[in-house]
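*Asks:* sequence plus the predicted model coming up.
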Amino acid sequence: MMCSFDDAPKRRAPGGGSFRLGASYGYATTTILFGEGRRAASERHTAFALLEARLAPIATFYAGVGPVLGGTLTTPNTRHRVNPGLVAALGAGVRAVDGRGAKPLVTISATMSYLAATTHDERDNHPIGYRAADLRLGVLCGKTLFDAVTPYAVGRVFGGPIWWRYEGQNARGTDLYKYQLGAGFSVAPGRGVDAFAEGVFVGERGIVVGAGVRL
């Protein structure tokens with residue numbers, strides 16, 4: 001998901017409010033370490049609904065929830081399917097540089113999330129609990145062109161525990177890559193509607209696409 005910021009008042013719809021409703025789809029792939037040389041390759045698909053509130057000219061707060069649509073966890077000896085689950089998040093962002101004139105648009109964000117799902121070995125249907133907590137700090141730097149299109153680069157660092165049963169034993173894990181580097185663009189054609197697409201190519205990799213409307 002991505003919080004939005006107007007970097008010019010004329011990008012707002014006439015009479016536009018301080019709330020934005022958004023929806024997104026995301027795919028992520030990474031490696032999870034469970035200690036003692038144990039690891040699992042992870043793939044995950046999620047959808048998300050986000051309500052964003054701007055309570056100050058340069059600050060926004062957001063909350064979201066959505067389903068875990070599926071995925072896999074693959075160890076050297078087993079392959080597990082990720083069953084449907086739920087993910088929720090709370091966060092805030094600050095516009096550090098407003099992008100006016102020759103200046104770039106720079107935003108800083110912090111997001112806490114929690115994911116709850118189950119997995120099952122492809123050889124049986126026995127469910128295994130899977131939980132993950134995450135704190136993520138991000139910096140986005142871009143520039144709005146033609147008052148409508150904003151290409152940007154993004155970097156994030158994150159961390160948090162993951163709880164699972166690794167080959168029959170309770171295990172606590174963490175991501176091998178605790179960072180993301182990527183790029184994307186957002187489009188705001190007017191009337192309070194916007195859309196974005198983002199790809200992350202270094203660290204925890206993935207893609208996210210989404211759209212939103214101001215209420």
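*Replies:* Everything's here; your move.
*Asks:* quick check: Leu145 vs Glu167, distance?
*Replies:* Noted for Leu145: a distance of 51 Å to Glu167, by C-beta to C-beta, to the nearest Å. The way it works is simple: take the backbone N, C-alpha and C, and place the C-beta from them, glycine included.
*Asks:* out of these two, which sits in the busier spot?
*Replies:* Taking neighbours as other C-beta atoms under 10 Å, Leu145 and Glu167 compare with Glu167 leading, 15 against 10.
*Asks:* thought that one was touching Thr74?
*Replies:* No - Glu167 lies out of contact with Thr74 (C-beta atoms under 8 Å); the separation is 11.9 Å.
*Asks:* which strand is the longest one in this protein?
*Replies:* strand 38-56 (DSSP state E).
*Asks:* what is it packed up against?
*Replies:* strand 19-35, strand 59-74, strand 85-98, strand 162-166, strand 205-214 (3 or more C-beta pairs under 8 Å, 6 or more residues apart in numbering; DSSP states H and E).
*Asks:* redo these as JSON lines? Include mean neighbour count.
*Replies:* Below are those laid out as JSON lines (neighbours: other C-beta atoms under 10 Å):
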{"stretch": "strand 19-35", "mean neighbour count": "17"}
{"stretch": "strand 59-74", "mean neighbour count": "18"}
{"stretch": "strand 85-98", "mean neighbour count": "17"}
{"stretch": "strand 162-166", "mean neighbour count": "18"}
{"stretch": "strand 205-214", "mean neighbour count": "18"}
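*Asks:* to Ile128, which of these lies closest?
*Replies:* Closest to Ile128 of the helices and strands packed on strand 38-56 is strand 162-166 (C-beta to C-beta; 4.9 Å).
*Asks:* between that closest one and strand 59-74, how many degrees?
*Replies:* On the basis of axes from the mean of the first three to the mean of the last three C-alpha atoms, to 10 degrees, strand 162-166 is oriented at 10 degrees to strand 59-74.
*Asks:* could you spell out the sheet neighbours of strand 162-166, each with its direction?
*Replies:* Applying DSSP bridges, strand 162-166 is found paired with strand 127-142 (antiparallel), strand 169-175 (antiparallel).
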